[in-house]
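Asks: Can you look at this prediction? I've put the sequence above it.
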Amino acid sequence: MRKILEKQLKNLHEDFAKMGFDVASAIQQATNAFENNDEDLAQKVIDNDQNINEQEIYLERKAAQVMALQQPVASDLRILVTILKASSDLERIGDHAVSVARAGLRIKKEKKNKIIEEVIGDMSRHAYGMLKQIIHAYVENDEHLARDVAISDRKTDEYLKKIRKEAFRAMQNDSEFISSGTEYIVAASHIERIGDYVTNVAEWIVYTNTGRIIELG
């Protein structure tokens, strides 16, 4: 019975990691679509969101089955709870990647702002790096790395402040930029939320190790 449980947990770990890397790919593609005004790539991100949603549903169903049919001890239950909760966080990150792609499509080419776009690109790549690191922390069960990733979310907040400041300045100088400026702020806000959800995953990794739910944000 124990060997069956361990095999099922191993499979869930692998499936969760795969979902995490798929979500990271969505962030990367959304960033490229945003920067290059690539409608086809943006649509690919939007279309692939259904696949990410299905992965979350699968993980939830399998984790629930393991809880119901096996005899997990306390440490096993913490792993299963983490998969249930963290997979939901990954799904939400995927949703925000889609929103970034859509925001990019709404900005007119003639009303793009190079300074803001560079900061958004840096911000998005930082969020992408955070997610890659947190998946690595999950795979290695590295609580120390998870805590470090959560601390690095402060940089995401700093990026958002910088983008808002530059967007508001540009909108004050050019009323025709208001629409584009608003979309830049919307996109940056979605990336900031990605950082928050990555922090949530970090908190669940800590929970797996300690049994305590703490706030790292």
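Replies: Structure received. In this text, all values refer to a predicted model and were calculated from it rather than measured experimentally. Residues are numbered from 1 along each chain as shown.

Asks: which element is Gly121 on?
Replies: Assigned by DSSP states H and E, Gly121 belongs to helix 114-140.

Asks: got the contact list for the nearest residue in space to Leu131 that is not next to it in sequence?
Replies: Residue nearest to Leu131 in three dimensions, not counting chain neighbours: Ala24, with 4.8 Å by Cβ to Cβ, 6 or more residues apart in numbering. (Glycine included, C-beta is placed from N, CA and C.) By Cβ atoms under 8 Å, 6 or more residues apart in numbering, the contact set of Ala24 is Tyr128, Leu131, Lys132, Ile135.

Asks: Got the phi and psi for the residue most central in space within the chain?
Replies: Among the residues of the chain, the one closest to the centroid is Ile93, at 3.4 Å (Cα atoms, centre = their mean). Main-chain torsions, Ile93, degrees, to the nearest 10: phi -60, psi -40.

Asks: Distance from stretch 75-94 to the middle of the chain?
Replies: 13 Å (Cα atoms, centre = their mean, to the nearest Å).

Asks: Could you list the buried residues of the longest helix seen in the chain?
Replies: The longest helix of the chain (DSSP state H) is helix 2-36. Neighbour-count burial for helix 2-36, counted by 16 or more other Cβ atoms under 10 Å, picks out 5, 8-9, 12, 15-16, 19-20, 23-34.

Asks: Flag the shaky bits of this protein, pLDDT-wise.
Replies: Along the chain, segments meeting pLDDT under 70 span 1.

Asks: Counting neighbours, which bits of the helix or strand that contains Glu166 end up buried?
Replies: Element membership for Glu166, per DSSP H and E: helix 153-173. Neighbour-count burial for helix 153-173 flags Asp153, Thr156, Tyr159, Leu160, Lys162, Ile163, Arg164, Glu166, Ala167, Ala170, Met171 (criterion: 16+ other Cβ under 10 Å).

Asks: Stretch 178-193 too?
Replies: 180-181, 183-193.

Asks: returning to what we had before: ok now the longest helix of the chain, how far from the chain's centre?
Replies: When distances are taken as Cα atoms, centre = their mean, helix 2-36 is centred 11 Å away from the chain's centroid.

Asks: the inter-axis angle of it versus helix 114-140?
Replies: 170 degrees (axes from the mean of the first three to the mean of the last three Cα atoms, to 10 degrees).

Asks: Distance of the closest residue to Asn48 other than its chain neighbours relative to Val98?
Replies: Among residues not flanking Asn48 along the chain, Ala26 sits closest, at 6.4 Å (Cβ to Cβ, 6+ apart). Ala26 sits at a distance of 7 Å from Val98 (criterion: Cβ to Cβ, to the nearest Å).
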